[in-house]
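Asks: take this sequence and fold it.
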Amino acid sequence: MTVSESDIGQWVRTSTGHEGILQDVMRDWEDPYAPSWERRRYEDMAIIRPERGGVERMAPVEKVSVVPRVPSSDGRGRRR
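Replies: So this is what the prediction gives:
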């Protein structure tokens, strides 16, 4: 399980089961809301956008994998 920049635009799933479209891979991500004295570099993070909009999610690239998209009868791309 891991994704890279070459997977941007692909349908992905996190280890917690969230699915969406991979938007970006951020190397050496820093939490912008942490105070400057506590700011540290984290692992590489994947940015995932839900298909029909909503809140984008971040997950470590090691916990995200490209998966085949299974169309459903409701046209939303969601599994039943």
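
Asks: distance-wise, check the closest residue to residue 27 other than its chain neighbours relative to residue 24.
Replies: Among residues not flanking residue 27 along the chain, residue 44 sits closest, at 5.3 Å (C-beta to C-beta, 6 or more residues apart in numbering). Any C-beta I mention is one placed from the backbone N, CA and C, and that applies to glycine too. Plainly put, residue 44 is 11 Å away from residue 24 if you go by C-beta to C-beta, to the nearest Å.

Asks: quick one: least confident helix or strand in the chain?
Replies: Within the chain, no helix or strand scores below strand 57-60, which has a mean of 92 by mean pLDDT, DSSP states H and E.

Asks: rewinding a little: quick one: contacts for the residue nearest to residue 27?
Replies: Residue 44 makes contacts with 25-29, 60-61, as judged by C-beta atoms under 8 Å, 6 or more residues apart in numbering.

Asks: got the phi/psi numbers for it?
Replies: The phi/psi pair for residue 44 (degrees, to the nearest 10) reads phi -70, psi 140.

Asks: what of residue 62?
Replies: Main-chain torsions, residue 62, degrees, to the nearest 10: phi -70, psi -20.

Asks: that one reaches residue 2, doesn't it?
Replies: Yes - Residue 62 is within contact range of residue 2, at 5.3 Å (criterion: C-beta atoms under 8 Å).

Asks: secondary structure element for the residue nearest the centre of the chain?
Replies: When C-alpha atoms, centre = their mean is applied to the chain, the residue found nearest the centroid is residue 48 (3.1 Å). Element membership for residue 48, per DSSP states H and E: strand 45-49.

Asks: may I see the buried residues of that strand?
Replies: Of the residues in strand 45-49, 45-48 count as buried by neighbour count, 16 or more other C-beta atoms under 10 Å.

Asks: between those, which sits nearest residue 33?
Replies: If you rank these by distance to residue 33 using C-beta to C-beta, residue 45 comes first, at 14.2 Å.

Asks: beta partners for that closest one?
Replies: For residue 45, the beta-bridge partners under DSSP bridges are residue 26, residue 60.

Asks: alright, that wraps it up for me.
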